[in-house]
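# fold the following for me, if possible:
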Amino acid sequence: MMTNLFSTFDPTSLFNQPLNWMSTILGILIIPISIWMTPNRYFLIWKKINFTLHKEFKTLIGNNSLLGSTLIFISLFSIILFNNFLGLFPYIFTSTSHLTMTLSLALPMWLSFMLFGWLNHTTHMLAHLVPQGTPPILMPFMVLIETISNIIRPGTLAVRLAANMIAGHLLLTLLGNTGSHLSLFFINILIITQILLLMLESAVSIIQSYVFAVLSTLYSSEVI
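Now for the predicted structure:
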């Protein structure tokens, strides 16, 4: 029995091993083997998506980007998208609804951007702390505000993804638990509502992985 509503999202263990987190790599297992062998429809669709993302990320980073720098953001988009979609299936643990997973993606990336920027482009990073046209009297406050906004970036990235994923799952869980107490007419309405919510969650899964990747790309463009 659940101790509270959020306990449905707690990782469980088997023989003291947290096997739920293995769902993070479960997406690799459902990919057809033929996608790696011959250029079939799956491969061509995924290649088209990756090429579109590459062009957009390349535009966001700018002309000063290193060769192949968009690959990390395409990979980030892919792993978040896989985990978001897998969480919509019954009895599959949604790792992206936990801050453990989202912070593990956001924090190291943000730290690497900051270290690279401050070590290689110190003047450029200092210039970012004071927006152009700021009155001299407001400069100390702007430096403080910009510093705080830079520090909380990994937190906002992680919380945004986790909150959006857990919100839809909570709503689906709440509505699903009421089914045993409803009449046949209301059960039909509930099923239709659940299907519509599932479609909405599918769209949210794509949008949130895209937003995470795009914001990470924008943060990296500031340090180059």
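# distance check, Leu157 against Leu218.
Applying CB to CB, to the nearest Å, the value for Leu157 to Leu218 is 11 Å. Glycine gets a C-beta too; all of them are placed from N, C-alpha and C.
# more neighbours, these two?
More crowded of Leu157 and Leu218, by other CB atoms under 10 Å: Leu157, with 22 against 13.
# buried residues, stretch 182-200. List them.
Going by neighbour count (16 or more other CB atoms under 10 Å), the buried part of stretch 182-200 is Leu197.
# how about residues contacting stretch 23-42?
43, 46, 79, 82-83, 85-87, 92-95, 101 (CB atoms under 8 Å, 6 or more residues apart in numbering).
# just the terminal-to-terminal distance for that stretch.
This stretch, stretch 23-42, spans 22 Å end to end (CA to CA, to the nearest Å).
# ok now it, how far from the chain's centre?
Taking CA atoms, centre = their mean, to the nearest Å, one finds stretch 23-42 lying 21 Å from the centre of the chain it belongs to.
# can you check stretch 150-162 too?
Per CA atoms, centre = their mean, the centroid offset for stretch 150-162 relative to its chain is 10 Å.
# max-length helix in this protein?
Across the chain, the longest stretch assigned as helix under DSSP state H is helix 184-221.
# pLDDT on that helix, on average?
For helix 184-221, mean pLDDT rounds to 91.
# next one: stretch 57-73
81.
# how about that stretch: buried residues?
Quick answer for stretch 57-73 (16+ other CB under 10 Å): Phe57, Leu60, Ile61, Ser65, Ser69, Thr70, Ile72, Phe73.
# farthest-apart pair in these, please.
Spatial extent of the buried residues of stretch 57-73 (CB to CB) is set by the pair Leu60 and Ile72 at 13.2 Å.
# by mean pLDDT, point me to the weakest helix or strand of the protein.
Every helix and strand of the chain was ranked by mean pLDDT, DSSP states H and E. The lowest is helix 34-37, at a mean of 68.
# roughly how far does Thr102 sit from Asn150?
The gap separating Thr102 from Asn150 is 18 Å, by CB to CB.
# now Pro90
40 Å.
# give me the neighbour count for Ser221.
For Ser221, the count of nearby residues is 17 (other CB under 10 Å).
# repeat that for Ile152.
Ile152 has 11 nearby residues by other CB under 10 Å.
# phi, psi for it please.
Dihedral pair for Ile152: phi -80, psi 0, per degrees, to the nearest 10.
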